[in-house]
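A.B. asks: 3D, please:
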Amino acid sequence: MSIYFLSVLYWFLLIVRYAIIIYVIAGWLPLPLKIKGMMRELMQPLFAPIQLLLSHSVLNIRGIDLSPILLYLIVLYASQLCTALR
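C.D. replies: Predicted coordinates:
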């Protein structure tokens with residue numbers, strides 16, 4: 001793979017990592033519903049596949065959404081892989 005592609009992928013994954021952190025912190029803060037709704041709409045396409053897998057697994061805990069944690073770990077692993085391949 002080209003170094004340019006890996007660099008672009010690394011930066012994209014870095015932005016996704018920060019977006020996940022902001023999404024989780026915003027869930028704890030008393031922000032207006034418009035902002036929380038906008039963030040939910042932006043992040044839901046990323047969380048949906050993981051939520052589907054979690055709903056059929058042992059990790060299906062009612063009331064606790066583990067998809068941001070798992071997505072963060074996946075993105076962290078992928079960014080480390082990009083760094084190692086560069």
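A.B. asks: for this protein, which spans come out with low pLDDT?
C.D. replies: 1 (pLDDT under 70).
A.B. asks: Recalculate using a threshold of 80.
C.D. replies: 1, 58-61, 63 (pLDDT under 80).
A.B. asks: Look through it and tell me its longest helix.
C.D. replies: Once the chain is assigned using DSSP state H, the helix that runs over the most residues is helix 3-28.
A.B. asks: Quick check: what element follows it along the chain?
C.D. replies: Using DSSP states H and E, the next helix or strand after helix 3-28 towards the C-terminus is helix 33-55.
A.B. asks: So Pro68 is in contact with Tyr23, correct?
C.D. replies: Yes: counting by CB atoms under 8 Å, Tyr23 is a contact partner of Pro68 at 6.4 Å. Quick note: C-beta positions are derived from backbone N, CA and C, even for glycine.
A.B. asks: show me what contacts Arg86?
C.D. replies: Ile3, Leu6, Ser7, Tyr10 (CB atoms under 8 Å, 6 or more residues apart in numbering).
A.B. asks: switch to 7 Å and redo it
C.D. replies: Residues near Arg86 by CB atoms under 7 Å, 6 or more residues apart in numbering: Ile3, Leu6.
A.B. asks: Give me the distance between it and Leu76.
C.D. replies: Separation of Arg86 from Leu76 (CB to CB, to the nearest Å): 16 Å.
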